[in-house]
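Enquirer: Got a sequence here, can you model it:
(chains A and B)
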Amino acid sequence: MIRIRDLTKRYGPLTVLDRFALDVRPGEAVALWGPNGAGKTTVVRCILGLVDYEGTIEIDGLDARTRGKAVRNRIGYVAQELSFYDDMAVTDVLDYSAALRGVPTDRVRELIGSFRLDEHRSKRVAELSGGLKQRLALAAALLSDPPVLLLDEPTSNLDAHSREEAIELFEGLRLQGRTILLTTHHMEEMGMLVDRVVAMEDGRIVTECAPGELAERLGLKVWLHVTLRGGHNTRALEALETAGFTARANAAGILVEVSAQRKGQALNALHRAGLEIEDLEVWT
Amino acid sequence: MTTEALPRNGRSLDLPERAQRSSVAAIARKELRDAIHSRWFWMWTAAFAGLAAVLAIAALPGSRIAGSASYGRTAASLVTLTQIIIPLMGLTLGAQTIAFQRESGALRFLLSHPVNRTEAFWGLYLGTSAALTAASFAGFGAAGILTALRSGSGEAGSFVRITLLAWALLLAMVGLGMLISTLARRAAAALGSAVFVWLLLVFLGDLGLMGTAVATRLSVSALFFSTVANPVEAFRLAALASFADSFDILGPAGTYAADALGSALVPVIVTILLVWVAVPVSIAWFRFRTRQDL
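Expert: Numbering: from 1, shown residues only, chains lettered A, B, ... in the order given. Next up is the predicted model:
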């Protein structure tokens, strides 16, 4: 459904995408994962024709450069946040998007119902919470019932509750068999949303794998901040160092560096030393 | 919430011809609607209509404010008001159109739809122009109605010609503003540049030309054509010509122009104004189509 070959994008002397290649099968959900500046959003902008590029991009067999309008009619795009039509009412945003897509207004009413936006239909976008804005953006993206969804950091500006709700929505769309390409730098949500992760750095693909394998492949580390009942930080540091972990104490507890996929091992080491964990946070 | 209510409905993904035709209209309608809902629209409309009405009342015969005056005084006052306010409105709002939408992300949202850049550009231009046309026509309408009520409709033709010339000036300024908007990297820079261009066209250009003429002993013909190359001056001359009997009020350059060009003078000036309507907006369109970072 999505076929990208030799995609290169330069801004002056800076190469932000370097011979990037990707195939996404129909119905597959793929995440572009990487730090800020890795080139994830630039891939999305190239697909949408917002920037020119070298190489080829095909969506549903159509060349994105020469058949841009037809390609965009097959794509629903959700940006980080719908923050730019603050003065428009919910229904006005959807009516406008429907007019641009040549979609009848019946479809707007259908989507307002499906996305539980009925009671918010007259509200201005500025009055909506982050989660509601994301629902609205997704409803707009689905107006023409596109087979491909491009989601650019779709949960990055959401609070925990809204993020959970958005993930549930995206899972539903994935189960419908839509092809999904999303960009993210959150590792924890990818397992629920995608079949495959493409890790990027400096405009290049570093690795491709199943979401559960990414941390291991990249050797990613996280910090566990552990608070122990009754203190005992010195004993905890000894137990962790004996088990091969790097750890240090701070005012509130101890910090342990662990592999992102092996967090339980450090907790087991503390448990074996007879220490009771009162609280735990993961710092990435 | 689930998305079970959103099955793929199997509709054709080939864009309906109707949608292709109506994209420009949809974008223009949205721009117009946004303008009508915004504070600046009503602020400009009220300021222009209010000032035009005050000028019309002050310049009319029998007015206690200005004493005896003629329709020519109303028209001259309106021309002066127009040459200051219309360029400011057109340049600043034209400059905001693309630059602000690019900075807010609205342009990316728009262009993520099955809309090409040409449709987006002309939709934005037509919508902005329509909103400003409504604002300026409200001003001329207020002045026209007051003038007609107090002194009859004998000069209606002349008044309509001035209104149309002001409209051409407005379209030229919106196009120039949009050119600034497509060239600027930041919205604030676009707005600042628009204000600078306004100062240049309305005040500094005239002063600079006078200074240059004195310093370089510019010939009368060069002075005339340098003057009318400025769209604001072209508007002023064409508008004055629509109600004044002679160009004497413009000094030697006006006398020269009347002698050299005769009856072709007004068509030449209007053509220059129309070139200003067409050229900046065309360059802006080209720049918008080819700009990399939208």
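Enquirer: C-alpha from now on. contacts and neighbour counts both.
Expert: OK.
Enquirer: Contacts for stretch B:135-145 next, please.
Expert: B:41-42, B:44-46, B:48-53, B:55-56, B:86, B:159, B:163, B:167 (CA atoms under 8 Å, 6 or more residues apart in numbering or on different chains).
Enquirer: Kindly recompute the last result at 7 Å.
Expert: Residues from elsewhere that reach stretch B:135-145, judged by CA atoms under 7 Å, 6 or more residues apart in numbering or on different chains: B:41, B:44-45, B:48-49, B:52-53, B:56, B:163.
Enquirer: okay, who's weakest in those residues by pLDDT?
Expert: Here the lowest pLDDT out of the contacts of stretch B:135-145 sits on B:Ala56, with 75.
Enquirer: Helices - which of the contacts of stretch B:135-145 land there?
Expert: Using DSSP state H, the subset of the contacts of stretch B:135-145 located in helices is B:41, B:44-45, B:48-49, B:52-53, B:56, B:163.
Enquirer: Closest to chain A out of these?
Expert: B:Phe41 (14.4 Å; CA to the nearest CA).
Enquirer: any idea how far that closest one is from B:Arg102?
Expert: For B:Phe41, the distance to B:Arg102 equals 21 Å [CA to CA, to the nearest Å].
Enquirer: Distance from the chain centre to stretch B:117-133, please.
Expert: Here the centre of stretch B:117-133 is set off from its chain's centre by 13 Å, with CA atoms, centre = their mean, to the nearest Å.
Enquirer: what are the ranges of the strands in chain A?
Expert: A:2-11, A:14-24, A:29-33, A:54-59, A:62-63, A:75-78, A:148-152, A:179-184, A:196-201, A:204-209, A:221-228, A:246-249, A:254-259, A:277-283 (DSSP state E).
Enquirer: Of the ones you listed, which is nearest B:Ala278?
Expert: strand A:2-11 (31.4 Å; CA to CA).
Enquirer: which parts of stretch A:203-221 are buried?
Expert: Neighbour-count burial for stretch A:203-221, with 16 or more other CA atoms under 10 Å in any protein chain shown as criterion, is recorded at A:203-205, A:208, A:211-212, A:214-215, A:221.
Enquirer: Those also near chain B: which ones?
Expert: Applying CA under 7 Å from any CA of the partner chain, the subset of those adjacent to chain B is empty.
Enquirer: Using CSV, please lay out those residues together with pLDDT.
Expert: Shown next, in CSV, are these (pLDDT from 0 to 100):
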residue, pLDDT
A:Gly203, 91
A:Arg204, 92
A:Ile205, 92
A:Glu208, 89
A:Pro211, 82
A:Gly212, 77
A:Leu214, 77
A:Ala215, 73
A:Lys221, 76
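Enquirer: Low-confidence bits of the stretch 51-200 of chain B, can you list those?
Expert: For the stretch 51-200 of chain B, applying pLDDT under 70 flags the ranges B:59-72, B:151-155.
Enquirer: which parts of it sit against chain A?
Expert: B:104-106, B:112-116.
Enquirer: From the residues you listed, list just the buried residues.
Expert: Of those, these count as buried by 16+ other CA under 10 Å: B:105-106, B:112-116.
Enquirer: So which of those is the closest to chain A?
Expert: The nearest one, if we look at those relative to chain A and count by CA to the nearest CA, is B:Pro114, at 4.3 Å.
Enquirer: Help me confirm that the closest one is found in a strand?
Expert: No: B:Pro114 is assigned coil when assessed by DSSP: H, G, I helix; E, B strand; the rest coil, not a strand.
Enquirer: which residue packs closest to it, ignoring adjacent ones?
Expert: Take B:Pro114 and drop its neighbours on the chain: the residue closest to it by CA to CA, 6 or more residues apart in numbering or on different chains is A:Lys69, 4.3 Å away.
Enquirer: before we move on, what about B:Ala28?
Expert: B:Gly127 (3.8 Å).
Enquirer: Identify, from the ones in helices among the contacts of stretch B:135-145, the entry nearest to A:Glu58.
Expert: Nearest to A:Glu58 out of those is B:Phe41 (CA to CA; 43.3 Å).
Enquirer: Against B:Thr182, how distant is the residue lying closest to the closest one once chain neighbours are set aside?
Expert: Nearest residue to B:Phe41 in three dimensions, chain neighbours excluded: B:Ala35, at 5.8 Å (CA to CA, 6+ apart). From B:Ala35 across to B:Thr182, the span is 20 Å (CA to CA).
Enquirer: Those two: who's more crowded?
Expert: B:Thr182 (27 against 20; other CA atoms under 10 Å in any protein chain shown).
Enquirer: Make sure the more buried one is actually in contact with B:Ala284.
Expert: Yes: B:Thr182 is within contact range of B:Ala284, at 6.2 Å (criterion: CA atoms under 7 Å).
Enquirer: Measure how buried the nearest residue to B:Thr118 once chain neighbours are set aside is and give me the count.
Expert: For B:Thr118, ignoring the flanking residues on the chain, the nearest one in space by CA to CA, 6+ apart is B:Arg289 at 6.6 Å. Neighbour count for B:Arg289, taken as other CA under 10 Å: 16.
Enquirer: So for the helix or strand harbouring B:Arg289, what gets flagged as buried?
Expert: Using DSSP states H and E, B:Arg289 sits within helix B:265-290. Within helix B:265-290, the residues that count as buried by 16+ other CA under 10 Å are B:265-266, B:269-270, B:272-274, B:276-278, B:280-281, B:283-286, B:288-289.
Enquirer: Per-residue pLDDT of the closest residue to chain B within the stretch 151-284 of chain A, please?
Expert: As assessed by CA to the nearest CA, chain B sits closest to A:Gly172 within the stretch 151-284 of chain A, at 5.3 Å. Here the pLDDT value assigned to A:Gly172 is 82.
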